Each structure stands twice: as C-alpha cells, then as structure tokens.
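J.: Quick one, fold the following:
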Amino acid sequence: MVFTLALRNLLHDRVRLAVTLIGILFSIVLVAVQLGLYLGSSEMITANIARSNADLFITTYGAKSFEDGGILLSDRERHQALATPGVEAVVPLVVAFAEWRKPSGGSSRVVLIGADADDHGLVPWSLTQGTLDDIKAPDAIAVDRTYLNELGVKGIGDTAQVAEGRVKIRALTEGIRSFTQSPYAYTTLNRARQLLGVGDDKSTFLLVKLAPGANVAKVQKDLAKRLDSADVLTKQQFENRSLTQWLFRTGAGLALIGGAILGSLVGTVIVAQTLYSSTKDHIHEFATLRALGSSKAYIHKVILAQAGLSAVMGYILGMTIAMIILYASKNSSLPLVMTPGLAFWLFALTLFMCAISALSAIVKVTKIDPATVFAR
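T.: Below you'll find the model as predicted:
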C-alpha cells in the first residue's frame, strides 16, 4: 500500500511529476558529464605512465608531470640505478614538447616521446595502421588519427618537420588522447634525441624494472639515497603528481568537481520544492490518514517512497541521456568516461538527493493535526 499510495500521489499531478523528473534528470546529466570529463581527463593524463612497463620512475628533481620532465638525466644516474640491488633493468625515456611544422604551413605543438620497442619500456598502443617495427625506421613517427587535421596531415606516408628534423608518419594509433591538447608523437629513443638536439646519453625519465621478489619500498629508498639530485617515484606517486599538476594546479579539476556539486544542489532544491508542494496540496488527505489511525512513520514512508520512485525514474531518464552524450563524445579530443562504479555512485547520489529533499515534506507532515480533517 505504501508504494501504491506514493505512485498515485505522483501520478495525480503529472505536470508536477514532470518538473520533478526534469530536475533530477538535469542533475544526473550534469553530474555525469562533469565527473565523466574528470575521469576522462584523469585517464588521458596518466595513460602513458600506466602503460609503461616500470615499477619505479626516476625523474629530475621536482618534475611536475609526464609532459614536464624538466632538466634531462644522464647515463650517470642510469648506471647508479643499475648498480642498486634489486634492480633488473633501467630503460631511458625521452619526453618533451616540440614544434610540429605542418607541410602546408603553420605549426602546432606535440609531445614527442622517444623509446625503443625492444626495451619494452613504453610503446604506442592501439595501433590501427603500421607496426612497432615500422616505427624503427630512421624517420618514422606514430601519431593518433584523432589529431591528423590538427597536425595538417592525412595519414600514413605524410611528412612534417618536428623540432630539428623531418619525420614521416608510418603508424597510426586510435584513442590516445592528450589532456594538454598537444598530440603525443612516438618515435625511437635516438631519433627523439636527434630531433630535440640533446646528447646521446640524455633522457627525461628512467624506467626502473625490479628483479622478481624485490621489495619496491626498499629499492625506492636505496635509489633515493644514491640519486640525491633526482626523484624516485612509484607509478601511483607519479600519476598522482601529474594529476595534481594538470587538474588541480590549473584549476580544471576543481571546476569539474564544482560543476558536479552545483548540479547536485540544483537537483536537490527542485525535488525538495516539488515534494513539499505535493505534500502541502495533499495535507488534508494525510490528515485523514492520521485520523483513521495511520502512524507518522507510515506517512513518512509514503513520502520517502515518493522520493524513491522519483529518484528511480529520474535516474533512468538521466542516465539514458548521459550515455547518449558519452557515445557522442567517443571520437572527440576529450571523451567522457563512464564506469560501473560511477554509475552506481550516481544512483546512490540520486537516492540520497531525493531522500534529503523529502525532509522538508516530512517536517510539514509531522505538524499535521488530525483534528483538521473534521474542521473542513
């Protein structure tokens, strides 16, 4: 009877129900988009770190992110790392912003990544055209097809000028986006050094692979003692540092989270106002229930059931629209991400939002005097 009465109350005024659902729908879509952008941005920022085959990262002291490695390391640090107990291999990696001059004129900026596939440190993934062997060619480079127009090229075989040399596109990836909007361009280690004009012993990062059974914390501590002019970070630590740099120091992450909070507040206010108005319009019916012997708890359950039904209907409609937006952003430079965990927490947030909204109506009902039904 509780859900039956709650449903009838909702359907009694369908215009008011539509307003309630629109409020919840707006809130869900806004929160889903904002948090989807946050997750999508986070994935783009940490993708190369997460895909690297390394247990520890050696970076220059104070390096802010993967794209901003700072002053280059030398082979001295690499040999010191190799001499540390528990270290199996140390793979050099060059990462730097570089000017990409388009064949038709004009220029753009790319993040040049130099690594050798044979070292298994970091290689481009999701190759749709070309192979890792193709990237070994002297002038080869791999870019993501999303950025072809921005780079002024059409595909495999096109050439461009990058920093101090000419390159030819020999491989294309699919889905490797860049949060900085400077496309990632992958080439070999030596070619990257030549293009950037740095020494043959220089690298931006050193990827440390540990021997089987080695203790990560102990090796990290030992490396930090040997390399007093560098930072030794785990993958997670480096990911967190990169996220802090791009999402929070730039304010982008706070803006996205702020938008999600604003959406929740707007939805809560709209639903609260609608439930309160509905309860006020049905105040005499609730008074009649009280006069017939219904407890306050029973009436509270009816109101909460109304809120719960509104939450479920609004969530279904909101998630449907959110998934359409997510699909539409699939091939954009900043795609949204929806995970099962996010979908669950959005549902929990919707229920919580509607339950909080029901409090105003419950407070109104609590003050009902059953005698008012006999005064009509």
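
J.: Tell me the helix or strand right after the helix or strand bottoming out on mean pLDDT in the chain.
T.: Of all helical and strand segments in the chain, the minimum by mean pLDDT, DSSP states H and E falls on helix 283-291, at a mean of 64. Sequence-wise, the next helix or strand downstream of helix 283-291 (DSSP states H and E) is helix 296-328.

J.: Just want the angle from the very next helix or strand once past that following helix to helix 296-328.
T.: Sequence order places helix 340-366 as the next helix or strand after helix 296-328, per DSSP H and E. Helix 340-366 and helix 296-328 meet at an angle of 150 degrees, taking axes from the mean of the first three to the mean of the last three C-alpha atoms, to 10 degrees as the criterion.

J.: mean confidence for helix 340-366?
T.: The average of the pLDDT scores along helix 340-366 is 77.

J.: now for that helix, which elements pack on it?
T.: helix 14-51, helix 252-281, helix 283-291, helix 296-328 (3 or more C-beta pairs under 8 Å, 6 or more residues apart in numbering; DSSP states H and E). For glycine as for every other residue, the C-beta is placed from the backbone atoms N, C-alpha and C.

J.: Deepest-packed of the ones you listed, please.
T.: Of the helices and strands packed on helix 340-366, the one with the most neighbours on average (mean count of other C-beta atoms under 10 Å) is helix 14-51, at a mean of 20.

J.: helices or strands up against that one?
T.: helix 2-12, helix 235-243, helix 252-281, helix 296-328, helix 340-366.

J.: buried ones in stretch 138-155?
T.: Within stretch 138-155, the residues that count as buried by 16 or more other C-beta atoms under 10 Å are 140-148, 150-153.

J.: Now secondary structure, distance to residue 132 and pLDDT too, for these, in JSON lines please.
T.: Output for these, formatted as JSON lines (DSSP: H, G, I helix; E, B strand; the rest coil; distance: C-beta to C-beta, whole Å; pLDDT from 0 to 100):
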{"residue": "140", "secondary structure": "strand", "distance to residue 132": "10", "pLDDT": "90"}
{"residue": "141", "secondary structure": "strand", "distance to residue 132": "13", "pLDDT": "91"}
{"residue": "142", "secondary structure": "strand", "distance to residue 132": "9", "pLDDT": "92"}
{"residue": "143", "secondary structure": "strand", "distance to residue 132": "15", "pLDDT": "91"}
{"residue": "144", "secondary structure": "strand", "distance to residue 132": "16", "pLDDT": "91"}
{"residue": "145", "secondary structure": "helix", "distance to residue 132": "17", "pLDDT": "88"}
{"residue": "146", "secondary structure": "helix", "distance to residue 132": "20", "pLDDT": "87"}
{"residue": "147", "secondary structure": "helix", "distance to residue 132": "20", "pLDDT": "87"}
{"residue": "148", "secondary structure": "helix", "distance to residue 132": "20", "pLDDT": "88"}
{"residue": "150", "secondary structure": "helix", "distance to residue 132": "24", "pLDDT": "87"}
{"residue": "151", "secondary structure": "helix", "distance to residue 132": "21", "pLDDT": "87"}
{"residue": "152", "secondary structure": "coil", "distance to residue 132": "25", "pLDDT": "88"}
{"residue": "153", "secondary structure": "coil", "distance to residue 132": "20", "pLDDT": "86"}
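
J.: next helix or strand past the strand of greatest length in the chain?
T.: Longest strand in the chain, counting residues (DSSP state E): strand 87-101. Where DSSP H and E defines the elements, the next helix or strand beyond strand 87-101 is strand 107-114.

J.: Buried residues, that following strand. List them.
T.: Buried, per 16+ other C-beta under 10 Å, within strand 107-114: 108, 110-114.
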